[in-house]
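J.: from the sequence below, what's the structure:
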Amino acid sequence: GHGPSKDRVLAEERSTKVEREHRHQADGEIPVGRMRRHDEHELRQVRELSLESPAGEPKGENGEGVGKRIAPRRHLITENRNGRCSRWHCRILERRLAQGKVPRVVSVTCDSPTRWFTLTSLPMLRRLIVAFACLAAPLVAQQPTTPAMARRLLSALADDSMQGRATGTPGAQRAARMIAGEMKRLGLESLGDSGYFQRVPVSMDSTTSPAMRRVPAGTDSLGRPRFAFEPTGGPPVTRVSLRLKESFAALESLPPARRPSAVNVVGVIRGSDATLRNEHILIDAHYDHLGIRLPAVNGDSIWNGADDDASGVTAVLEVARQLLQSPKPKRTVIFAATIGEEVGLLGTRWYIAHPPLPLEQMVANLEIEMIDRPDSLAGGPGRAWLTGYERSTMGDMLAANGVPIVADRRPTQNFFQRSDNIAFAQRGIVAHTLSTFNLHSDYHQRSDDVSKADFEHMAGVINAAARAARLLSDGPRPEWKPGGKP
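T.: Have a look, this model is predicted:
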């Protein structure tokens with residue numbers, strides 16, 4: 001005769017599975033699955049939270065509890081090589097702990113991909129407290145930045161709607177609001193004088209000068225054309241420039257048209273260590289660029305500044321996210337997106353004159369600038385270089401702890417002096433810039449847009465910057481080497 005129908009067999013299997021799951025949950029077990037083989041880079045181990053086994057539980061060959069059931073992989077409580085667990089796993093554990101059930105996880109590596117393991121209820125309060133303490137740190141570890149995360153932020157900051165983010169323009173103001181919104185969404189505490197905004201008093205001044213024209217003047221050391229200017233003999237030309245005023249009171253006598261809005265965007269994570277929390281580090285990047293410039297070329301007049309320096313701001317926000325998703329840093333960490341770098345470090349100069357926290361308590365500054373393309377001299381994708389590496393112990397400290405950075409291979413370019421970090425370094429603060437600028441021809445051109453970005457590389461550098469931030473916040477103070485302080 002004919003056996004039972006396929007549908008009936010499947011129905012019975014489902015019924016048996018549901019009954020088995022209810023029985024194990026009633027016994028206090030959390031369903032855990034059989035691990036499949038994973039790529040070594042995705043999964044290194046499951047952290048061992050407890051070696052105790054409930055009385056009467058069967059033992060395996062290695063003395064570990066024997067697993068009793070198969071469940072979907074989403075129930076596995078796992079950590080990858082970056083030490084993170086998913087939010088789903090955190091919620092599972094929180095719910096089980098609230099029910100008085102203490103998880104027990106045995107170690108698993110890729111060398112034994114089919115080992116079984118069990119999470120089991122222990123009734124004793126003492127074990128509940130111990131298990132909760134063990135779980136707290138690893139399950140809050142940060143989620144590394146992915147290429148998609150980097151793309152989302154960079155695409156927004158370098159979008160045409162930001163109009164090139166020139167200081168004092170509506171595009172820069174729009175970018176500042178977007179950055180502040182991200183800081184708020186992440187959960188950073190605001191540190192400006194107006195929420196996340198630190199207002200910067202900037203005036204728009206006009207000067208009259210002779211009419212000039214640009215003429216060829218040979219090439220530079222890289223073979224790129226150089227230009228000089230000579231008088232044309234025409235009528236004088238009025239030019240507008242931005243200037244940092246000494247106070248907001250100095251702006252009051254100026255008409256509104258000459259008082260453009262300019263702000264730094266500043267957030268903070270307060271330190272957790274009773275001794276070190278009064279010290280702080282600064283992770284920053286400038287968000288301004290060159291705006292709209294005419295004449296347009298092929299209909300494009302917007303200088304988007306994707307690499308310079310929307311990529312750095314993207315990194316600052318992602319580093320903040322990673323630190324917020326991990327145990328609190330020992331030192332306080334300030335995150336800032338500054339205005340006016342392209343026109344004279346206006347935002348940084350105001351920050352230094354009016355710091356949200358005393359500069360005397362600043363241990364280090366890590367500027368992040370131009371990281372959306374790999375540099376072969378740094379070692380290729382995912383690797384970066386540090387300006388002024390030889391000047392302090394910062395670079396050696398980071399490299400010794402596995403952060404993929406090297407010294408700046410182009411010292412003749414004077415990159416150490418060409419970004420916001422120099423203003424802090426001149427105040428005695430150990431300050432460097434992390435970069436992967438490879439001297440591409442899109443620098444300060446309208447062609448510096450998102451289409452040129454390498455997001456795999458960018459994500460790798462951001463993760464390196466997050467590790468650097470953690471080392472600077474929790475580790476020893478970097479110091480200037482003899483003769484290194486500018």
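
J.: wait, a strand at residue 206?
T.: Yes: the assignment for residue 206 by DSSP: H, G, I helix; E, B strand; the rest coil puts it in a strand.

J.: that one reaches residue 242, doesn't it?
T.: No: here residue 206 does not reach residue 242: they are 10.9 Å apart, not a contact under CB atoms under 8 Å. C-beta here means a position set from N, CA and C on the backbone, and glycine is covered the same way.

J.: who's more crowded, the two?
T.: residue 242 (19 against 9; other CB atoms under 10 Å).

J.: and that one, that one's in a strand?
T.: Yes: assessed with three-state DSSP, residue 242 lies in a strand.

J.: give the bridge partners for it, please.
T.: residue 204 (DSSP bridges).

J.: just residue 194 next, same as before
T.: Beta-bridge partners, per DSSP bridges, of residue 194: residue 197.

J.: so for stretch 231-242, what gets flagged as buried?
T.: Residues residue 242 are the ones in stretch 231-242 that count as buried (16 or more other CB atoms under 10 Å).

J.: contacts for it, please.
T.: Stretch 231-242 has contacts (CB atoms under 8 Å, 6 or more residues apart in numbering) with 167-168, 202-213, 260, 262, 340, 343-344, 346.

J.: can you rerun that using 7 Å?
T.: Stretch 231-242 has contacts (CB atoms under 7 Å, 6 or more residues apart in numbering) with 167-168, 202, 204-213, 340, 343, 346.

J.: what do you get for stretch 294-301?
T.: With CB under 7 Å, 6+ apart as the test, stretch 294-301 has contacts from 292-293, 446.

J.: at 6 Å what do you get?
T.: Contact partners of stretch 294-301, identified using CB atoms under 6 Å, 6 or more residues apart in numbering, comprise 292, 446.

J.: buried residues, that stretch. List them.
T.: So, applying 16+ other CB under 10 Å, buried residues of stretch 294-301: residue 301.

J.: and it, average pLDDT?
T.: On average, the pLDDT along stretch 294-301 is 90.

J.: swap in stretch 185-205?
T.: Stretch 185-205 comes out at a mean pLDDT of 96.

J.: right, and the helix or strand after the lowest-mean-pLDDT helix or strand in the chain?
T.: Ranked by mean pLDDT, DSSP states H and E, the weakest helix or strand in the chain is helix 125-136, scoring a mean of 39. Next helix or strand after helix 125-136 toward the C-terminus (DSSP states H and E): helix 147-157.

J.: what's the following helix or strand after that following helix?
T.: Heading C-terminal from helix 147-157 (DSSP H and E), you reach helix 170-186.

J.: who does whichever helix or strand comes after that next one pair up with?
T.: Sequence-wise, the next helix or strand downstream of helix 170-186 (DSSP H and E) is strand 189-190. As defined by DSSP bridges, the strand partners of strand 189-190 come to strand 263-269 (antiparallel).

J.: show me what the helix or strand containing residue 433 is packed up against.
T.: Using DSSP H and E, residue 433 falls within strand 430-435. Strand 430-435 is packed against strand 362-368, strand 384-386, helix 421-425, with contacts defined by 3 or more CB pairs under 6 Å, 6 or more residues apart in numbering; DSSP states H and E.

J.: mind checking those for the one nearest to residue 252?
T.: Residue 252 sits nearest to helix 421-425 of all these, at 26.7 Å, using CB to CB.

J.: quick one: list the elements packing against the closest one.
T.: Using 3+ CB pairs under 6 Å, 6+ apart, helix 421-425 is in contact with strand 362-368, strand 430-435.

J.: put together JSON lines for the ones you listed, with distance to residue 405, mean neighbour count and mean pLDDT on each row.
T.: Listed next are these as JSON lines, based on distance: least, CB to CB, whole Å; neighbours: other CB atoms under 10 Å; pLDDT from 0 to 100:
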{"stretch": "strand 362-368", "distance to residue 405": "11", "mean neighbour count": "26", "mean pLDDT": "98"}
{"stretch": "strand 430-435", "distance to residue 405": "7", "mean neighbour count": "28", "mean pLDDT": "97"}
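
J.: what's the closest of those strands to residue 385?
T.: Distance to residue 385, taken as CB to CB, is lowest for strand 430-435 among the helices and strands packed on helix 421-425, at 6.3 Å.

J.: report the angle between the next helix or strand along the chain from that closest one and strand 263-269.
T.: Downstream of strand 430-435, the first helix or strand assigned by DSSP H and E is helix 455-474. Counting by axes from the mean of the first three to the mean of the last three CA atoms, to 10 degrees, helix 455-474 lies at 60 degrees to strand 263-269.

J.: what angle sits between helix 455-474 and strand 430-435?
T.: 170 degrees.

J.: so which bits of helix 455-474 are buried?
T.: Applying a neighbour-count criterion of 16+ other CB under 10 Å, one finds 455, 457-474 buried in helix 455-474.

J.: tell me the average confidence for it?
T.: On average, helix 455-474 scores 97.

J.: and stretch 224-238, by the same measure?
T.: 82.

J.: what's the answer for stretch 441-452, then?
T.: For stretch 441-452, the mean per-residue pLDDT is 95.

J.: who touches that stretch?
T.: 154-155, 158, 300, 303-307.

J.: hang on, the earlier thing: and of the helices and strands packed on helix 421-425, who's closest to residue 333?
T.: strand 362-368 (10.0 Å).

J.: so that closest one versus strand 430-435, what angle?
T.: Between strand 362-368 and strand 430-435, the angle comes out at 20 degrees (the same axes, to 10 degrees).

J.: other SSEs contacting strand 362-368?
T.: Going by 3+ CB pairs under 6 Å, 6+ apart, strand 362-368 lies up against strand 280-286, helix 421-425, strand 430-435.

J.: what pairs with it, and is each one parallel or antiparallel?
T.: Assessed with DSSP bridges, strand 362-368 is paired to strand 280-286 (parallel), strand 430-435 (parallel).

J.: reformat those strands as TSV; add distance to residue 318.
T.: TSV is the format used below for these (distance: least, CB to CB, whole Å):
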stretch	distance to residue 318
strand 280-286	10
strand 430-435	13
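
J.: which stretch among the ones you listed comes nearest residue 419?
T.: With CB to CB, the closest approach to residue 419 among the strands paired with strand 362-368 belongs to strand 430-435: 4.7 Å.

J.: contacting residues for residue 264?
T.: 198, 336, 338-339, 347, 351.

J.: nearest to residue 410 among those?
T.: Taking CB to CB as the measure, residue 410 lies nearest residue 338 of the contacts of residue 264, at 24.0 Å.

J.: tell me the pLDDT of that closest one.
T.: On the pLDDT scale, residue 338 gets 98.

J.: got phi/psi on the nearest residue to it once chain neighbours are set aside?
T.: Nearest residue to residue 338 in three dimensions, chain neighbours excluded: residue 347, at 3.6 Å (CB to CB, 6 or more residues apart in numbering). Main-chain torsions, residue 347, degrees, to the nearest 10: phi -70, psi -40.

J.: alright, I will stop here.
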